[in-house]
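> Just need the structure, nothing else, for what follows:
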Amino acid sequence: MSNDGLAPSKWILIVLVALAPLWMTGLFGRGYWTPDEPREADIAWRMSIQSDKTLPQLADQLFLEKPPLSYWLSAAAMHMFGDTPASARTPNLIYAIVTSISVWLLVYAMSGAVAASFATLFIGSACIVYQVAMWLAPDASLLAGCAVSLLGLYRGYLAVSGREKLLWYTLMHAGALIGFMAKSAVGWAFPGLTLFVLLLWERRWIELTLWQLWAGLILQVTAIGLWIYSVWRLPEGAHALAVLFWNNLAGRFTDIHASGALDYASGHQNWPGKYWLELPYYLFPWTLLVGAAIYRAWARIRLKNREGTCWRFAVAASLPFLMLLSMATTARGIYAAPSLLGLAVMVGLWVPAFLNGSDRVDVWAVRITRILVAIFVVIIFCLVCLLAITGYSDSSSLSWLGFVLVALILIAATAWTMKQSKLAEKQRSPMSIGWCYAIYTLTMVMAGLTLFPVLDQVQNLPSIAVAIRQDASNRPLALLQPDETTIAMMDYRSGVPMVLLNEESKDALALAKQWFDAHPTDGLLLVRLPGTVTGALQPLVHRFYRPKHSSDGIVKELQDAQIGQLVKRYELPLGRRYALVERIR
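This is a model prediction of the structure:
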């Protein structure tokens, strides 16, 4: 293990500074975006005003998909810094830092500071991990817990003294506790599966007999037990526990014949090979580097020394978890983020081999990575120019000249950086990869400055909610078969009384008629309309793709059935559409 010229603390600081522009842009430079963030924001806001914080709530209903840790922290941040998207995401910055430091310390223990630094840059910028870290959702805290547990697991596994082994394994349990309180049993499954595969691979079952491995479990049992007891004491406690630990776990892997909101098996359908086919996207722009690392791992996992253990650990912490996810009935890319921790370790182990070796696979992996980053820059360049010439710049924070200037800077910086990376590659310098990261980060930051204000217009659901509340004034309001985003949109920051019409036994027309019969003079319905309205890009988009006409959907059916009539529409350019409906008089 080498200090590589600098103290570990200085290396960590350098890496965190290098990742900071990505974090600042993704966390604090935008509003709440669908999917999920409007819902998560409402839950966090509700948690900040709840008297009983045992379980999160969406509107006035218990939200029983996840334990409350991430909502507790976001609610606390909202209370301290104000009710804004930046405040709600402040804990995500902590999660990202914890994840990065844990990965750095893990790979540093295996292969030195340079390897640790590139592994950390990978885990901080790989596409799906970056999305998880920047998104207001429990997955970011789950990832931090998994990273901490992985660090404790490896160091405890190789520790010699009993005291050292106890401390590191206790850290593993602390990480698993964070993961559990963020997203239930997944926080246990990831480190548990990693340890099981490693023990099976190295035939080291004696590790299971060591009391140091299990002592930290007291921490988990105590903390989780107290929370479960608090849930049990609630009037709906038994039902809440059944949903949390049966529907939400078993229901993700098989159809348990639940109905309505508890039918998790019907959402985000999985299909054979989904995660494996999408893996190159999850890893972008470092896909080829991971490929080269896996190619090298094929030989290194056979080694009987400590290096072999490191490679086996990296494989155990990545591929088995993806296999487990592949067996579930539900699937989303963000679920795969913990497995990228193991792939980050693998990339870290590969870096010294690349710098000291001459394998053509490694060389071509770096060259193609450079090409992928350049292609990404060109795509962003085209998007920025497109926004300038279609008039979106008039409503964003930059003028059209600013858009063009950003695009030109990107192209000039890319050309210079690619040249530097090529020169560094000939010298087998780590900066051949470092320059790729630099231009990728610059592109992401500039894309955020120019594109995020535009996307905020498309995602500006609070403006719709304010307009609807004003138009509805004090009249009874019902939401007809709303999704969670619509519920959160109307509840966030207001808590205005509203009725949710989503009975499974009745169709939309029957529900609407029942509502208007109960409120014949002043009742209002909020309905989401299908499709999107046109935007400034419509003429260009229609040259290549002409979408179906956006109809009035259920509103037209209500009018045809003489049940209700349109009062007002609410639309975002290229975004969601809603309608307010009253009874036909």
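
> what's the helix or strand hosting residue 179 packed up against?
Of the helices and strands defined by DSSP states H and E, residue 179 is found in helix 162-183. Contact here means 3 or more C-beta pairs under 8 Å, 6 or more residues apart in numbering; DSSP states H and E; on that basis helix 162-183 packs against helix 69-81, helix 139-158, helix 186-202, helix 211-215, helix 217-232. In short, each C-beta sits where N, CA and C put it, glycine included.

> Any idea which of these gets closest to residue 492?
Comparing the helices and strands packed on helix 162-183 against residue 492 with C-beta to C-beta, the closest turns out to be helix 69-81 (11.4 Å).

> for residue 452, what are its contacts?
25, 29, 30 (C-beta atoms under 8 Å, 6 or more residues apart in numbering).

> residues contacting the last one?
Put plainly, it is residue 30. If you count contacts by C-beta under 8 Å, 6+ apart, residue 30 has them with 85, 448, 452, 455, 456.

> Which of these fall in strands?
Among the contacts of residue 30, no member falls in strands (DSSP state E).

> List the residue ranges of the stretch 401-550 of the chain that fall below the pLDDT cut-off.
When the per-residue scores of the stretch 401-550 of the chain are filtered using pLDDT under 70, the ranges that remain are 401-404, 406, 427, 495, 505, 533-550.

> quick one: the helices in it?
431-458, 461-472, 484-491, 508-518, 538-541 (DSSP state H, counting those that start in this stretch).

> Quickly compare the ones you listed and say which is most buried.
helix 484-491 (a mean of 23; mean count of other C-beta atoms under 10 Å).

> what's the closest of the helices and strands packed on helix 162-183 to residue 317?
When the helices and strands packed on helix 162-183 are ranked by distance to residue 317, counting by C-beta to C-beta, first place goes to helix 186-202 at 4.6 Å.

> show me what contacts the one residue sitting closest to the centre of the chain?
Against the mean C-alpha coordinate of the chain, by C-alpha atoms, centre = their mean, the closest residue is residue 132 at 2.2 Å. With contacts defined as C-beta under 8 Å, 6+ apart, residue 132 is in contact with 139, 140, 143, 334, 337.

> rerun that using 10 Å as the cut-off
Each residue near residue 132 by C-beta atoms under 10 Å, 6 or more residues apart in numbering is listed here: 92, 95-96, 99, 126, 138-143, 333-338, 340.

> circling back: kindly compare burial across the helices and strands packed on helix 162-183 and name the winner.
When you average the neighbours per residue for each of these (mean count of other C-beta under 10 Å), helix 139-158 leads with a mean of 26.

> got the angle between that one and helix 162-183?
In terms of direction (axes from the mean of the first three to the mean of the last three C-alpha atoms, to 10 degrees), helix 139-158 departs from helix 162-183 by 160 degrees.

> so for helix 139-158, what's the average pLDDT?
Averaging pLDDT along helix 139-158 gives 98.

> by contact count, what packs against that helix?
Helix 139-158 is packed against helix 69-81, helix 90-111, helix 127-134, helix 162-183, helix 186-202, helix 211-215, helix 306-316, helix 339-356, with contacts defined by 3 or more C-beta pairs under 10 Å, 6 or more residues apart in numbering; DSSP states H and E.

> JSON lines please, covering these and showing mean pLDDT.
Written out in JSON lines, the entries for the helices and strands packed on helix 139-158 read as follows (pLDDT from 0 to 100):
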{"stretch": "helix 69-81", "mean pLDDT": "96"}
{"stretch": "helix 90-111", "mean pLDDT": "98"}
{"stretch": "helix 127-134", "mean pLDDT": "96"}
{"stretch": "helix 162-183", "mean pLDDT": "96"}
{"stretch": "helix 186-202", "mean pLDDT": "96"}
{"stretch": "helix 211-215", "mean pLDDT": "96"}
{"stretch": "helix 306-316", "mean pLDDT": "96"}
{"stretch": "helix 339-356", "mean pLDDT": "93"}
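
> a markdown table please, covering the ones you listed and showing distance to residue 465.
Listed next are those as a markdown table, based on distance: least, C-beta to C-beta, whole Å:
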| stretch | distance to residue 465 |
| --- | --- |
| helix 69-81 | 18 |
| helix 90-111 | 23 |
| helix 127-134 | 23 |
| helix 162-183 | 28 |
| helix 186-202 | 32 |
| helix 211-215 | 50 |
| helix 306-316 | 46 |
| helix 339-356 | 36 |
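
> Out of those helices, which is closest to residue 327?
Between residue 327 and the helices and strands packed on helix 139-158, the tightest spacing by C-beta to C-beta is seen for helix 186-202, at 11.9 Å.

> Give me the packing partners of that closest one, helices and strands only.
For helix 186-202, the contact count by 3+ C-beta pairs under 10 Å, 6+ apart identifies helix 139-158, helix 162-183, helix 217-232, helix 306-316, helix 319-326, helix 339-356 as packing neighbours.

> go again using 7 Å as the cut-off
In terms of contact count using 3 or more C-beta pairs under 7 Å, 6 or more residues apart in numbering; DSSP states H and E, helix 186-202 is assigned the packing partners helix 139-158, helix 162-183, helix 306-316, helix 319-326.

> contacts for the first one?
Helix 139-158 is contacted by residues 69-70, 92, 95, 98-99, 102-103, 105-106, 109, 132-133, 165, 168-169, 171-172, 174-176, 178-179, 182-183, 186-187, 190-191, 194-195, 207, 313, 317, 334, 337-338, 341 when judged by C-beta atoms under 7 Å, 6 or more residues apart in numbering.
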